[in-house]
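Enquirer: Next comes the sequence, and after it the predicted model I'd like to discuss.
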Amino acid sequence: MEEDGQKQIEVLAKKIIKEKYDFIGLQEVNQLITSSVAKLDNHFQPTIEQQAIHQDNFLFCLTERLKELGCHYYWSWGYNHIGYDIYHEGIGLLSKTPLKVGNHLISESSDPADYHTRSLVIGETKINGRKIRIISSHFSWWQDDEKAFAFEWQALEEILMEKQSSLILMGDFNNDAKINDEGYDLVKESSLKLQDAFVVAENTVNEYTVEEAIDGWAGNVAKLRIDYVFTSHDFKVESYKIVFDNENEPMISDHYGVEVVMD
């Protein structure tokens, strides 16, 4: 959807290579409905009911560029709904280690023609023998469609409570920690017992991920923190940093990125 998608991929790929991230979560990862199907290698980790990956899928193009630069990630993409009448819009997850992945519907709607339809990509992996579940998410607004966020959050809780493991939950929550505090409080008070990486980090560099009116936040004039990394309490969060904000790296999205270092 960007005017210069290749520039976006180049900036992101170079940052990934520099930082050597273990996990990366992406939202609004699109492909044209009409584009051709891509040929995939074994680094792609499909879900049981996998939507076909197309040649212009942003995550496919990103991982192909990373391979050209000598960097290989396991990755998965889950389909959410039709975006702007022409895209398959979805959720992306990348990992340095192999993933067992699932794409889980959390919204009341399951119609891909309805933008309220939301699913999550949940990956299971191991690092140094430690079992970790990583979730890439894109939730609805609290006030949208009679508290759609609350419905989606409850659905996620039910999925995650089925298994016990270390958790990393990241993504666009569409609920600001101050303005839409009902949604934020729902997460903070959850039976999942999560911690907000920004709040518990030993060091922080900047805070907000949106600073102007964007799609879904028309008329916004406030600085918003609506993109989060939540973790289980067995992680010690060393740092929280805003990236791709035109201070550290070029801005490549209408949201800034969140970078968290933890152990």
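Expert: Everything's here; your move.
Enquirer: ranges for the strands of the chain?
Expert: Per DSSP state E, the chain carries strands over the ranges 23-32, 74-83, 87-95, 100-105, 119-127, 130-138, 166-172, 194-196, 203-205, 227-232, 237-243, 257-262.
Enquirer: Report the buried residues of the fifth one.
Expert: It refers to strand 119-127. By 16 or more other C-beta atoms under 10 Å, the buried positions in strand 119-127 come out as 119-125. Every residue, glycine included, has its C-beta placed from N, CA and C.
Enquirer: So which of those residues is the closest to residue 136?
Expert: Using C-beta to C-beta, residue 121 comes nearest to residue 136 of those, at 4.8 Å.
Enquirer: The closest one touches residue 99, doesn't it?
Expert: No: using C-beta atoms under 8 Å, residue 121 makes no contact with residue 99, being 9.1 Å away.
Enquirer: Touching both of the two, which residues are there?
Expert: 76, 93 (C-beta atoms under 8 Å, 6 or more residues apart in numbering).
Enquirer: among the strands of the chain, which is the most enclosed?
Expert: Among those, strand 87-95 has the highest mean neighbour count (mean count of other C-beta atoms under 10 Å), at a mean of 24.
Enquirer: Quick one: list the elements packing against it.
Expert: strand 23-32, helix 58-68, strand 74-83, strand 119-127, strand 130-138 (3 or more C-beta pairs under 8 Å, 6 or more residues apart in numbering; DSSP states H and E).
Enquirer: Dump these to CSV, plus distance to residue 150 and mean pLDDT.
Expert: Below are the helices and strands packed on strand 87-95 laid out as CSV (distance: least, C-beta to C-beta, whole Å; pLDDT from 0 to 100):
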stretch, distance to residue 150, mean pLDDT
strand 23-32, 20, 97
helix 58-68, 29, 98
strand 74-83, 19, 97
strand 119-127, 16, 96
strand 130-138, 14, 96
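Enquirer: what's the closest of the ones you listed to residue 39?
Expert: Closest to residue 39 of these is helix 58-68 (C-beta to C-beta; 9.7 Å).
Enquirer: Give me the neighbour count for residue 52.
Expert: Neighbourhood size, residue 52 [other C-beta atoms under 10 Å]: 12.
Enquirer: where's it relative to residue 131, distance?
Expert: 30 Å (C-beta to C-beta, to the nearest Å).
Enquirer: Before I go, just wanted to say thanks for your time.
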